Every structure is written in C-alpha cells, then in structure tokens.
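Student: one predicted model, sequence on top.
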Amino acid sequence: MKTYLYSIGARLFVLIFGVMILYSALFTSFSLRESSASWMRSIERSADRTSATIALGLRHAMLDNCKTDVQDTIKNIAMQPGIEVLRIYDKDGLIIFSSNEDEVYNRVDMESEKCLICHTSNEPLKAVPQDERSRVFRRADGTLTLGQILPISNAPECSTADCHAHPPDQQVLGVLDLIMPVDFVEESRQETERATMIMATILALVGGILIAIFIHFFVRRPVKQMISGTRKITAGELNMQLSIHSNNELGELAQSFNRMTASLNRAKQQNERWEQTLEKRIDEKTNDLKKAQEHLVHLEKMASMGKLAATVAHEINNPLAGILIYAKLVARELKDLVPDTEAKQELNRYLDVIYHETERCGGIVKNLLSFARGSEGDPVEQNFFPILEKTLMIVNHHFELGNIEVDVQRSDSDELYCDKNQLEQALIALFVNAVEAMPDGGNLNISTRQTSSFLEVDIKDTGVGIPAETLPHIFEPFVSTKGAAKGVGLGLAVVYGIAHQYGGRIEVTSEVGKGTTFTLYLPRKAPSQ
C-alpha cells in the first residue's frame, strides 16, 4: 500500500482528481450563486411588472377619487397567492390604502430601508432607479420576503383633477409598496443546490473512476511492465520484450527499451560465444601444454635413461665379449684334449648355455646402445603400404602360431617421410607386442588415414590390455607388462625414439580386458617442407 501511495500513478490520480474536484466545486458554487441571483432578478422583474400592473389598474379609481374602490381592489389583489401586503402611502409616509386595514392612516418609519432608498438626503429623489426598487429581507420568523416599491408619478391629469389636485411641480405623489414572500425561491435554491451537489458528486466519482482506469491502463500498467522488465534484465533475462504498443512517449520508451534489451542480449550471446570459444581454446592449449610437458618430461627421462643405458652398455659390453671369446676357446680346447665321455658332453652343454646367454646379453646391450644413440638412418619420402606388407610377411608366422587374424584398412594416400629400416623395426616391435598380448588368439586391425601433416596408423589388438597405472610409463625403458620371461621392456622405448626422430609421435589407449590401440603419427613431408 505504501508503495502504491508513493507511485507515479497514485500521485497523478490525486493531482488530476484534485484539480477536477476544485474545478467542479468552483463551477458548482458559481453556478448556484448565479442561478440564485438569476431567480431573484426574475422575481424582482416579475414583482416590478406586477406593481406596474396594479398601479395601472388603480389609476382610474384614484383619478376619480373612489377610495372605496381603491381599497377594495387592493384587498382583492392581496388575496392572490404570492402577495402578502399591498399598500399605498404618500410622499410623507402616511399609509392611505393597505390590504391590512389596521395600518391605514399610520405613518411608516422614514428611517426604514424602503424609505431610505429615496430619502438619503435633504431632498428626496425625483426618480428611483429600476434596480434599487427591490429589497429582500428576512422576517423574525425566518421568512424570506421581497419588498417592491413603485413611485407614483404626478401626471398632468392628476395635477388638474378637481378631487385632489396636486401642484404641477410635484414629481412623486406617493409609493405603491408590494410585499411578497419568496420562501419558494429559497426552497428552489436549496433543491437546486442539493441536486447540483449530488450531480457534481456523481460526476466526480465517475470522473475519478474513469481517471483511475485511464491512469491504470495508460500509465501505471506500462510503467509496471517497464519496472518488471528492468528487474528481469538485472536478473540476467535479456531476451524479454515489452508488449507496449502505443504512439505516445511511453510507446517510444518501450521501443527504445526493447531495442536496448535486444542489443544487450546480442552482446551477451556474443560474450558467451567468446567465453565458450576462449574456454575451449584454453582447454585445448592447456591439454597441448600438458602433453608438451609430459613429452618434455618423458624426453628428459628418456635422455637420462639413454645416458645410463649407454654407460651400462659400454661397461658390460667388454666383459661380455671376453666371456664369449673365452667360452669359444674353452670349447675348442676341450674338444682336442678331453676324450669324448659323458662328462665332456655335460661340459659342452654348459659351455653352450654360457655362449647363448652371453649372446643374449650382447643383444640386450646392442638394443641399449641403439636406444641410447638413436641411429639416424636414411629418411626419404616413400610409400607406407609396401613397408607394411613386408613387415607383415616377416611376422606372419607369429600371427599363424598365435591364431591371430589381421585386417588392414588402407587410406587413399600413403606418402610419408621416414627411414625404411627403422620403420620396419618399429612395426615389428608393435606387431610382436600385439601377438604376445593375445595369448589365446584374437584380431589385429591396422588402419591408416591422412591429414595435411601426418599419416596416422592405428594398430589395434583385442588383447589383455594395459593397466591404467602402467599406461603413462609404457614407453619408458625396462617397463613391460609381459613379465621377466618374455622381455626386458626395451621394444616400445625404441619405437618411441623412432617415431619422434623425424617429427612424429606415438600415442596409446588401452582398456584392461578389451585391448590396446597404438597410433603412429608419421610425418608426410621432410621437416624443411
């Protein structure tokens, strides 16, 4: 309620309704006053005409000095409705004729209002103005009364009459005084005032209702819609539109408001798109940085492992070569000196074990040196599918023994930049790993696709998969999921080095029990291109 009372609609209603009430009150007061005055002027004119008619009717009887006829005529006239007293008195105030016979030959008070009209100075007026002949007064009982005087002028026939001749120079012979009750005027005025007040009140109420309806529909409701719209905009709802359709200032304001909200909504949507794009780019760059950091960490780790591997390989390689040479010499000497007995055969068997295990250690050392030095090879631009076919032929017996089906999906283009021998080595290592990951057989899917920069090779097996805790370290040296009996974990580390040697990379995804996918990203052009 307090909010409504202080609203612009309430203040506008109070202002317009107050002005209307003030105007109505002033108009009603002026109308009542003018109506009452008009009624009184009309009655005064009617009384003046009545007095003139009475005087004209009494003229002949007065010229003939028939006082009885004059008196009877006055009494008969006074018996008519609307006439209270009718009298005639001379210029000295002596009542000659009267409808009230008790006051005949009495003298009126010369100081009374009706006499002062003419006798305001030493010399009485010779003619009384028309608008000064009437007097309105209220009797002691409250009755409103109108007194109308009519001066009786001295005519030539009066001054020459034999009955009561008057000097020719006398202007006024007497006065005809007519007393009329005018309570009906007061009653009519009061009735008119009541009717006017009732009508003014009804008009004011109807006008107030119409003003309230007008203000509600054309002021308050549009303003409320605008307030609601601004609150919604403050709350972030920028797609709202005001439904104000008019050609006035509020309509123009609503159109400007709608244009503003539309502009803000477009700006908000654009900002949201920019934010989404920025967030997406930040996520992409974050992922790129994370991968780059992981790659750098891995490279640093690989470099450290390479230095360690090179040191260990050099330190081990010489003793292994000595053991291998001495094992061969012992076998040769043993062949010439000792007779061929069961003990000799047992010694030869021991020497064979020493020889083969030493060779195996030499192979490990060789791989360590290959991993540490990363042989540069001879990279050229060539096709991938011939290399793939040759590699599949080399390891085909592994597939057959392992009951593995191979499916190759070729892309339209297979150009790449690599060293053929190193790529064959990497593919063989990946295929052998896949065979070992599927001890009970399975499927090996090989697919290629090209982009503007890389030839992407997916090698997907249906093997046992790689545990999640091992997956981040799968390309590190000596990390293996096959156990000590099947390798020392250098194959994938070598593949990693070959893939990155000319600007490519290798990625792996795996799920335990469902298989593993290695993806080789091989550059299609030389780095200078």
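Tutor: Done, it's in. Model, not experiment: these values are computed from the prediction. Residues are numbered from 1 along each chain as shown.
Student: any weak-confidence spans in the stretch 101-250 of the chain?
Tutor: Filtered on pLDDT under 70, the stretch 101-250 of the chain yields the residue ranges 109-132, 155-171, 244-246.
Student: residue ranges for the strands of it, please.
Tutor: Along the stretch 101-250 of the chain, counting by DSSP state E, counting those that start in this stretch, strands occupy 134-138, 144-153, 172-181.
Student: cool, the chain as well?
Tutor: For the chain, the strands defined by DSSP state E occupy 85-90, 95-98, 134-138, 144-153, 172-181, 380-383, 404-409, 415-418, 442-450, 454-461, 505-511, 515-523.
Student: and residue 396, how far from residue 423?
Tutor: Distance of residue 396 to residue 423, given as CB to CB, to the nearest Å: 18 Å. The way it works is simple: take the backbone N, C-alpha and C, and place the C-beta from them, glycine included.
Student: what about these two, which has more around it?
Tutor: Higher neighbour count among residue 396 and residue 423: residue 423, with 26 against 12, using other CB atoms under 10 Å.
Student: quick one on the thing from earlier: can you put the strands of the chain in TSV and add distance to residue 260 and mean neighbour count?
Tutor: TSV is the format used below for the strands of the chain (distance: least, CB to CB, whole Å; neighbours: other CB atoms under 10 Å):
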stretch	distance to residue 260	mean neighbour count
strand 85-90	85	21
strand 95-98	91	19
strand 134-138	71	15
strand 144-153	71	19
strand 172-181	76	20
strand 380-383	61	13
strand 404-409	57	13
strand 415-418	58	21
strand 442-450	51	18
strand 454-461	51	20
strand 505-511	51	17
strand 515-523	52	21
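Student: for residue 40, find the nearest of these.
Tutor: Nearest of the strands of the chain to residue 40, taken as CB to CB: strand 134-138 at 6.9 Å.
Student: walk me through which strands that closest one pairs with, and which way each runs.
Tutor: strand 144-153 (antiparallel) (DSSP bridges).
Student: distance from the partner strand to the middle of the chain?
Tutor: What separates the centre of strand 144-153 from the centre of its chain is 82 Å, taken as CA atoms, centre = their mean, to the nearest Å.
Student: same question, stretch 491-507
Tutor: With CA atoms, centre = their mean, you get 57 Å for stretch 491-507.
Student: now do stretch 176-193
Tutor: 70 Å.
Student: contact partners of that stretch?
Tutor: Outside stretch 176-193, the residues that touch it by CB atoms under 8 Å, 6 or more residues apart in numbering are 32, 35-36, 39-40, 43, 47, 50-51, 54-55, 82-89, 114, 136, 143-152.
Student: count the neighbours of the closest residue to residue 317 other than its chain neighbours for me.
Tutor: Nearest non-adjacent residue to residue 317, counting by CB to CB, 6 or more residues apart in numbering: residue 365, 5.0 Å away. Close neighbours of residue 365, defined as other CB under 10 Å, add up to 20.
Student: residue 365 is in contact with residue 316, isn't it?
Tutor: Yes: using CB atoms under 8 Å, residue 365 is in contact with residue 316, at 5.5 Å.
Student: so for residue 354, what's the pLDDT?
Tutor: pLDDT, residue 354: 84.
Student: what about it, distance to residue 332?
Tutor: To residue 332, residue 354 is 14 Å away according to CB to CB.
Student: and for residue 213?
Tutor: Per CB to CB, residue 213 is found 126 Å from residue 332.
Student: again, but for residue 16
Tutor: Counting by CB to CB - residue 16 and residue 332 are separated by 131 Å.
Student: ok, now residue 508?
Tutor: On the measure of CB to CB, residue 508 and residue 332 end up 48 Å apart.
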